[in-house]
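Peer 1: Let's see this in three dimensions:
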Amino acid sequence: MDEYRQRLDQLESAWAELHRADSRQHEVWADGLGDLLASGYLLQADAERVVGWLVQRAVYDVDYAVRESALHAVSEAGVPYELPYAALEPLAADIDTFEPLLLEYVLFSLSATHDKRARRSIEPFLGHPDVAVREEAELAMTELRDDGDKHA
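Peer 2: The predicted model follows:
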């Protein structure tokens, strides 16, 4: 567990340094976190904390590439981890601010929570003018329907 704690300390340090770094470093950092999350290496609580950092970047960063990398990483986390809706709620709250490609990540990530509260954020995109966004919204709604009432 010492090695694990050491890696978490490195993550904490990297997060602190990130506030002083330029956009390119933010993008690389988000990509690296996506790889880490996809591996399933982190404990659930630590994965949720890292996802929280990435969600902040996705919502508040002005650089499109950083936002895309952060959202890609969040979507990667939805495979090995069952993320709570609360961790992704800021994405749902700002869903109308995302460009079509970014919306695809957001819709996928919200559906991966398997929480029926995500439906109200996803449903409006069933009629989106972008075909890929519509298709992702349909897949997301199917995912949520297939889960029944898994989460209230």
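
Peer 1: give the contact list for the closest residue to E123 other than its chain neighbours.
Peer 2: With CB to CB, 6 or more residues apart in numbering as the criterion, E123 has its nearest non-adjacent residue at 7.0 Å, and that residue is M141. Every residue, glycine included, has its C-beta placed from N, CA and C. By CB atoms under 8 Å, 6 or more residues apart in numbering, the contact list for M141 reads S111, R119, I122, E123, L126.

Peer 1: Pull the residues that contact the host helix or strand of the second one.
Peer 2: Pointing back at R119 there. R119 belongs to helix 119-122 when assigned by DSSP states H and E. Helix 119-122 is contacted from outside by A92, I95, L107, L110, S111, A137, A140, M141, L144, using CB under 8 Å, 6+ apart.

Peer 1: Nearest to Q25 among those?
Peer 2: Nearest to Q25, judged by CB to CB, of the contacts of helix 119-122 is I95 at 27.0 Å.

Peer 1: The closest one: neighbouring residues, count only.
Peer 2: 17 (other CB atoms under 10 Å).

Peer 1: Now it. Nearest residue, chain neighbours left out?
Peer 2: S121 (5.3 Å).

Peer 1: lowest-pLDDT helix or strand in this structure?
Peer 2: None of the helices or strands of the chain scores lower by mean pLDDT, DSSP states H and E than helix 2-18, at a mean of 75.

Peer 1: Now do the next helix or strand after that one against helix 2-18, angle only.
Peer 2: Downstream of helix 2-18, the next assigned helix or strand under DSSP H and E is helix 23-39. Per axes from the mean of the first three to the mean of the last three CA atoms, to 10 degrees, the angle that helix 23-39 makes with helix 2-18 is 150 degrees.
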